[in-house]
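Have a look at this prediction, sequence included:
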Amino acid sequence: SSQQQLDTHIYIHKREMATDSDEIAIKKRRFLDFLDDDAQHGEYEDRLQKMIDKDRVRLIVNMNHLRAFRDGQLATSLLQSPFDEVVALQQAVKESVDRLDADYSKKKNNLFFVGFEGSFGSHHVTPRGLTSRLLGKLVCIEGIVSKCSLVHPKVVRSVHYCPATEQSTERSYRDATSIDGLPTFGFYPKTDDQGNALVTEYGLSVYKNHQTLSIQEMPERAPTGQLPRSIDVILDDDLVDSAKPGDRVQVFGIYRPLPSKSQGGTSGVFKTVLLANHVHILSKEALMPPITDLDIRNILKIARGKTSPFELLARSLAPSIYGNEQIKQGILCLLLGGEEKNLRRGGHIRGDINVLMVGDPSCGKSQMLRFVQNTAPHCITTTGRGSSGVGLTAAVTSDAESGERRLEAGAMVLADRGIVCIDEFDKMREQDRVAIHEAMEQQTISVAKAGITTTLNSRTSVLAAANSVFGRWDDTKSTDENVEFQTTILSRFDLIFVVKDEHNEERDQRLARHVMNVHLHAAEVEPAEGELDVAFLKKFINYARLKCGPRLSKTAMDKLVNHFVTIRAETHKQEQASEKRSAIPITVRQLEALVRLSESLAKMQLQPFATEAHVDEAIRLFKVSTLEAALSGNIAGAEGMGDGRAIEEVMKLEQALKRRFPVGTSASEAHIINTFSKQNYSEQAVRKVLSIMLRRGELEHRNQRRTLCRIR
């Protein structure tokens, strides 16, 4: 009969449950032996005691210790079938805590968890390596946190009270992300079996924290031309808020498919998630390429040799690009960086160096950026036209499934502790350039959008390349006419190089021969004489950044102070003589830039202190770049008008232009110049007024720069 069949099914189910319980009990016994093993010299007893002292509930177990225990079967079982094994290990941890401190166990409601660390062998992958063979297995993935949801409470057990019968009922909830039993089905109860209304006792119900992260493949490890893969990670209980967007992490957990939500059928393709049990933030050392003893000896030989390594290292940067020695030296300083300083009273002084290259096309600017991308251990490349403000900083997005708000990191956050290369910097919209002001100086990204208010780290160096407004650099025009950058963004660059394609027969001959040699020997792997291999250059830069943290010596500090005062005085005199102000005023930012340059030069020699010689070289580099441009008028301020008569002419012309073209009108630049040339105004004065009004935001380019529109 049907009743007999039902009884048979119930009996078989109970037998299976009893068998599972017996198996878990056996596994728990083995894990208890492991935790008490004398061969570990009481390691896990100490770890359990530290866990109790720090008021935590998660014990971190090293897979290497499990492999060394007896026949290593525990480690193999955990990797291949982690669900039952993790439950048994958690029960063993609970029993061990009961023995050590029963009151603590009772205080935490007997809820203890385990996480893993150590070597995972073939189960240590990136999001791209998560294939079907790893489903249901314990894995370790490395990546960068790209999205982060809010933390929500998730119900574990609800308590319901029935006023009619004065009875209370409990209900437990498990879904596909739970490891301690099969998922429970059914809706949240609102009535009992007799149809009486139930009232939820929220104070007696039990909840756990729940958060979702998205881990993306590291940009430098993604194959060229392919989108980085990502995987959703479920964080529960004490793991929530253990990582934020931009963090490079190792996540240990169980790779699991989730059932499809579609009704009445399935396509056979399921969503997969990682059920995390431990999150480890990767340090700088973990991201470094391996350095052998031979490498260290060679690094020390170069750094502490009789001759300075500055020229050798600079020559090895982008050897396919002819000349540009000063720019290569500046980029070398950027790769090494200065020393970050976190002040006791909460202040922060950046140690990263920002460099801007602006000038003619076909001078190797983009190639420099490409070389830095391939050399720096952590670099993200973007372009001005292809980047928006939120794409560079951070965005608040809505999750497609749950509809909740999520914080998504932009390029400057993903490149934390690295370098951002921005090509075509002049093609960026002004409002997008303004978005990176905070990231370039304070090195943070503040977000206040859609109810989410937070601050993300953006400790990056910026290497930017830009062209002239006219395509080629026009020496007849001032730099404020050649480039449309405001003083606020220019002052944030430590070094600014104006790159010009100068015509010189002898230089052109050498340049052409160099280009031909590059094409002729393109397939050769060995570096040319007097250059370092790129792989070794990477190791040198990483070793210097990690092992050396120089500070200014007393004599170097005094020299910098005196030089800063002298430069300020010279700049002030030149501004008074020419009656125009520089768009790059020599301020404290430039003094800090000299400090950073001196520290980076000391790193090249692995010196603990930056000496006067380093300061002299930093001052020379600063003079041939930013200072030369500022003092020579290459980067002149928009306020620079020349003599008094020119100032008067420009002011008079500005009033006439505003009367002729009221707010809302549009006209081509040629038409405006032609109109006022007929009124005996010089073309130079008209262009100067248009440049000033563009900088103030009174005029705006439209129709691909073909027309000018007055907006205020």
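Noted; the coordinates are in hand. Just so we're clear, the structure is a prediction, and the values are computed from it rather than from any experiment.

can we go C-alpha only for contacts and neighbour counts from here?
Noted.

May I see the buried residues of stretch 452-462?
Neighbour-count burial for stretch 452-462, counted by 16 or more other C-alpha atoms under 10 Å, picks out 456, 457, 458, 459, 460, 461, 462.

Reformat the residues you listed into JSON lines and put distance to residue 172 and pLDDT next to each item.
Compiled in JSON lines, those are given as follows (distance: C-alpha to C-alpha, whole Å; pLDDT from 0 to 100):
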{"residue": "456", "distance to residue 172": "38", "pLDDT": "79"}
{"residue": "457", "distance to residue 172": "40", "pLDDT": "78"}
{"residue": "458", "distance to residue 172": "43", "pLDDT": "80"}
{"residue": "459", "distance to residue 172": "45", "pLDDT": "83"}
{"residue": "460", "distance to residue 172": "47", "pLDDT": "86"}
{"residue": "461", "distance to residue 172": "51", "pLDDT": "87"}
{"residue": "462", "distance to residue 172": "52", "pLDDT": "88"}
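
Export those residues as CSV, with columns for secondary structure and distance to residue 538.
Output for these, formatted as CSV (DSSP: H, G, I helix; E, B strand; the rest coil; distance: C-alpha to C-alpha, whole Å):
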residue, secondary structure, distance to residue 538
456, strand, 28
457, strand, 25
458, coil, 22
459, coil, 20
460, coil, 18
461, strand, 17
462, strand, 18
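
would you list these in a markdown table and tack on distance to residue 88?
Below are these laid out as a markdown table (distance: C-alpha to C-alpha, whole Å):
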| residue | distance to residue 88 |
| --- | --- |
| 456 | 39 |
| 457 | 40 |
| 458 | 42 |
| 459 | 43 |
| 460 | 45 |
| 461 | 48 |
| 462 | 50 |
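
Go through those and say which is closest to residue 332.
Lowest distance from residue 332 to the buried residues of stretch 452-462 (C-alpha to C-alpha) belongs to residue 461, with 12.0 Å.

What residues are bridge-paired with that closest one?
Residue 461 has these beta-bridge partners by DSSP bridges: residue 419.

Would you confirm that it contacts residue 340?
No - Residue 461 is beyond contact range of residue 340, at 11.9 Å (criterion: C-alpha atoms under 8 Å).

any common contacting residues for these two?
residue 352 (C-alpha atoms under 8 Å, 6 or more residues apart in numbering).

Where does pLDDT dip in the stretch 301-450 of the chain?
Within the stretch 301-450 of the chain, the segments meeting pLDDT under 70 span 386-391, 399-403, 450.

ranges for the helices of it?
Along the stretch 301-450 of the chain, counting by DSSP state H, counting those that start in this stretch, helices occupy 310-316, 325-336, 365-375, 389-392, 411-414, 430-435, 437-441.

Ok, which of those comes nearest residue 247?
Nearest of the helices of the stretch 301-450 of the chain (C-alpha to C-alpha): helix 411-414, 7.5 Å.

So what touches the closest one?
144, 146, 245-247, 380, 391-394, 420, 439, 445, 456-460.

contacting residues around residue 191?
Neighbouring residues of residue 191 by C-alpha under 8 Å, 6+ apart: 197, 198.

element containing residue 207?
strand 206-216 (DSSP states H and E).

Which SSE is immediately downstream of that strand?
With DSSP H and E, the next secondary element past strand 206-216 is strand 230-236.

Starting from that next one, tell me which strands it pairs with and how they run.
Counting by DSSP bridges, strand 230-236 is paired with strand 206-216 (antiparallel), strand 271-281 (parallel).

Quick one: residues in contact with the first one.
This points to strand 206-216. Counting by C-alpha under 8 Å, 6+ apart, 127, 143-158, 228-238, 240-241 sit against strand 206-216.

which one of the helices of the stretch 301-450 of the chain is the most hemmed in?
Comparing the helices of the stretch 301-450 of the chain by mean neighbour count (mean count of other C-alpha atoms under 10 Å), helix 411-414 ranks first with a mean of 29.

Work out the gap between that helix and the centre of the chain.
Relative to the chain's own centre, helix 411-414 is displaced by 4 Å; criterion: C-alpha atoms, centre = their mean, to the nearest Å.

what do you get for stretch 168-184?
That offset, for stretch 168-184, works out to 38 Å (C-alpha atoms, centre = their mean).

Now that stretch: average pLDDT?
On average, the pLDDT along stretch 168-184 is 76.

which other residues reach it?
The contact list for stretch 168-184, computed with C-alpha under 8 Å, 6+ apart, reads 83, 87, 155-162, 234, 258-259, 275.

Residue 416 and residue 439: what is the separation?
10 Å (C-alpha to C-alpha, to the nearest Å).

wait, residue 495
Counting by C-alpha to C-alpha, the gap from residue 495 to residue 439 is 17 Å.

and if you look at residue 311?
31 Å.

So for residue 251, what's the pLDDT?
According to the model, residue 251 carries a pLDDT of 90.

is it true that it touches residue 275?
No - using C-alpha under 8 Å, residue 251 makes no contact with residue 275, being 9.4 Å away.

rewinding a little: could you point out which of the strands paired with strand 230-236 sits nearest residue 103?
strand 206-216 (20.1 Å).
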